[in-house]
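>>> Okay, sequence plus prediction incoming.
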Amino acid sequence: MKVKNICCIGAGYVGGPTMAIIAQKAPGIKVTVVDINEKRIAAWNDADVKNIPIYEPGLAEVVAEARGRNLFFSTEVDKAIDEADMIFISVNTPTKTYGIGKGMAADLKFIELCARQIARFSTTDKIVVEKSTLPVRTAEALKSILDNTGNGVNFQILSNPEFLAEGTAVNDLQAPDRVLIGGDLDTEAGKEAINALVDVYAHWVPRTNILTTNVWSSELSKLTANAFLAQRVSSINALSELCEQTGADIKEVAKAIGMDSRIGPKFLQASVGFGGSCFQKDILNLVYISKSLGLTEVADYWEQVIIMNDHQKRRFAAKMVKTLYNTVSGKKIAMLGWAFKKDTNDTRESAAIYVADYLLNERAEVVVYDPKVSEEQILADLDYLNTRSAEENRANITVVNSALEATQGAHAVAIMTEWDAFKTLDWKQVYHNMLKPAFLFDGRRLLDRHELEALGFEFYAIGS
Ligand SMILES: NC(=O)C1=CN([C@@H]2O[C@H](COP(=O)(O)OP(=O)(O)OC[C@H]3O[C@@H](n4cnc5c(N)ncnc54)[C@H](O)[C@@H]3O)[C@@H](O)[C@H]2O)C=CC1
Ligand SMILES: O=C(O)[C@H]1O[C@H](OP(=O)(O)OP(=O)(O)OC[C@H]2O[C@@H](n3ccc(=O)[nH]c3=O)[C@H](O)[C@@H]2O)[C@H](O)[C@@H](O)[C@@H]1O
């Protein structure tokens, strides 16, 4: 079967970029991305392509090329479902905040709603593709809903997890290390569905890089990949603390071990802690599944990755307080960066949120600058923690429009996100702007200690 019409439910960080690339690379396929969030869809359709809702290098150009040709954004979910022969589900699967599994399990209510909607509005056979990250065996639940509530049409369910990283999404999608497709390898209809999706990707991905497995392996591989990646960050961060106590330098250690081809150099950058919408959520999900199956040791093993990450964020904030003579009360602290990594406007689970919260508890006056994150988002992130009232947050945090403005009259500066622009900042001017001694805390190992100390800064960097 040849796919002609794709619908993707969910126009977020995954659905938007993924479908834009499919539309760009397969101009013969009509791709419609739908969402219930009208504001988001309006932004995707904004006449000025610079206003699309997700900042991702190179994405606006791809959208400009395909939008209106074979790429469409719409709120008409039902219509797009019925017209499509393949439907991607790319909705959010956050950690549950209520009931059984609260704080650990993935909340699948949005997935179930999609399944029920697909069942209700489908009048022809469909291939349904899990693009969202899901607990292993979710396809079983999807199948049950689709088969029991549908109009008698046939559904094939595939798992096709997404491995893109934010900030590099376009490149990751255009040249993926691999594409993973899980499906029912035991039936002809299952194999046909798998081949249909393989053919979509084969428009630009070499067939040798398209891996097909059974559904459960595919679902579990996604959680496993994120767990391994996050584990590397927690491992290097654990050792960064040891470096600080012993005179070793985490950058030198990372380089030394990374040159071992069995270990490899990637994902060994010590930091103030990993953030992003997925690492924590997916590991918690893995821990929850393991616990549910009675695998206590497996659960404890992976939970440690999160425990270490929380420790790293707290430790960084505590170090600031200790260095500033054990009090930051009434002191102005400039935080440079709020996004969870550079080249994205996404702030979900960013370490900056937790460090700011800690400093606000210590009654600091926090000033934030991020080149891509709005004041509205920063305040919403803090309010979401519910640590204090919205009024109290607004009284003690200020968001400004430049790094230099943020550092004016500050007691300390903290680098929270590794934006390239912070590397080339006029640090001499920053020093001049600040109260003395001028404390600088580098949570990303972005700056050169010798240069900054030569300018007069009291310099602290993670892992040295
Ligand atoms: N953000 C990332 O870099 C990656 C995320 N993932 C996974 O992809 C999934 C989606 O993540 P994001 O795109 O970041 O989430 P997101 O929150 O940016 O986007 C999800 C969208 O789905 C929409 N939605 C929810 N229910 C809907 C419904 N019933 N009908 C229509 N639209 C609906 C929401 O309005 C929202 O715009 C998650 O499972 C996540 O774990 C996987 C790889 C990378
Ligand atoms: O499932 C997902 O959502 C995605 O999660 C991550 O992608 P992402 O969170 O966008 O970004 P990463 O580059 O993985 O960074 C995650 C966090 O770890 C931090 N990090 C990363 C690498 C490193 O060496 N050190 C480090 O502190 C980053 O600063 C960031 O806060 C994975 O890299 C993707 O493969 C996956 O698809």
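Perfect, I can see it now. Ligands and ions are numbered 1, 2, ... in the order given.

>>> and the helix or strand that Val253 is a member of, is it in reach of ligand 2?
For Val253, the element it lies in under DSSP states H and E is helix 250-258. No. Legend: contact between helix 250-258 and ligand 2 by CB under 6 Å from any ligand atom is lacking; minimum distance shown is 8.4 Å. Quick note: C-beta positions are derived from backbone N, CA and C, even for glycine.

>>> Domain parsing of the protein, as residue ranges.
Structural domains of the chain, as assigned by automatic domain parsing, span the residue ranges 5-205, 307-461.

>>> quick check: mean pLDDT across the first one?
Spelled out, that is domain 5-205. The average pLDDT within domain 5-205 is 97.

>>> Which residue, neighbours along the chain excluded, lies closest to the residue of the stretch 301-450 of the chain with the smallest separation from ligand 2?
The nearest approach of the stretch 301-450 of the chain to ligand 2 comes at Lys341, 3.9 Å away (CB to the nearest ligand atom). Distance criterion CB to CB, 6 or more residues apart in numbering; nearest residue to Lys341, sequence neighbours excluded, is Gly167 at 5.7 Å.

>>> and that neighbour, helix, strand or coil?
coil (DSSP: H, G, I helix; E, B strand; the rest coil).

>>> what's the answer for Cys7, then?
Cys7 - assigned by three-state DSSP - is strand.

>>> Quick check: it touching Ile89?
No. The pair Cys7 / Ile89 is not scored as a contact, 9.7 Å apart, by CB atoms under 8 Å.

>>> which residues in the stretch 301-450 of the chain form strands?
Remark: strands assigned in the stretch 301-450 of the chain by DSSP state E, counting those that start in this stretch are 332-336, 365-369, 397-399, 412-415, 439-442.

>>> Spell out which parts of the stretch 151-300 of the chain neighbour ligand 2.
So far as CB under 6 Å from any ligand atom goes, the stretch 151-300 of the chain lies against ligand 2 at 162-166, 226, 229, 233, 267-269, 271, 274-279.

>>> sorry, back to before: just checking, the residue of the stretch 301-450 of the chain closest to ligand 2 touches Phe279?
No. Counting by CB under 8 Å, Lys341 sits too far from Phe279 to count as a contact (11.0 Å).

>>> what helix or strand is Leu229 on?
Here Leu229 is assigned to helix 215-246, by DSSP H and E.

>>> For ligand 1, what's its nearest residue on the stretch 151-300 of the chain.
Glu162 (4.0 Å).

>>> next one: the stretch 301-450 of the chain
Asp346 (6.9 Å).

>>> Look at that residue and say how many residues are nearby.
23 (other CB atoms under 10 Å).

>>> any idea what sits nearest it, other than its immediate chain neighbours?
Looking at Asp346 with CB to CB, 6+ apart, the closest residue is Glu166, at 5.4 Å.

>>> Need phi/psi at that neighbour.
phi -70, psi 150 (degrees, to the nearest 10).

>>> which ones are touching it?
Tyr13, Glu56, Gly276, Phe340, Lys341, Asp343, Thr344, Asp346 (CB atoms under 8 Å, 6 or more residues apart in numbering).

>>> right, and Val63 touches Ile52 too?
Yes. Assessed by CB under 8 Å, Val63 is found in contact with Ile52 at 5.8 Å.

>>> quick one: common contacting residues for the two?
Trp44.

>>> ok, which stretches of the stretch 1-150 of the chain are helices?
15-25, 38-44, 59-66, 77-83, 109-121, 138-149 (DSSP state H, counting those that start in this stretch).

>>> one step back: who's in contact with the residue of the stretch 301-450 of the chain closest to ligand 2?
Contacts of Lys341 by CB under 8 Å, 6+ apart are Glu166, Gly167, Gly275, Gly276, Thr417, Glu418.

>>> Who wins on neighbours among those?
Thr417 (29 neighbours).

>>> gap between the closest residue to it other than its chain neighbours and Ala414?
Among residues not flanking Thr417 along the chain, Gly337 sits closest, at 2.6 Å (CB to CB, 6+ apart). Note on Gly337: its distance to Ala414, by CB to CB, to the nearest Å, is 9 Å.

>>> Look up how far Phe228 lies from the residue of the stretch 1-150 of the chain found nearest ligand 1.
Proximity to ligand 1, evaluated over the stretch 1-150 of the chain using CB to the nearest ligand atom, is greatest for Gly12 at 1.9 Å. Separation of Gly12 from Phe228 (CB to CB): 24 Å.

>>> Could you do Asn37 as well?
For Asn37, the distance to Phe228 - CB to CB - is 32 Å.

>>> If you count surrounding residues, which of those two has more?
Using other CB under 10 Å, the more surrounded residue of Asn37 and Phe228 is Asn37, with 14 against 11.
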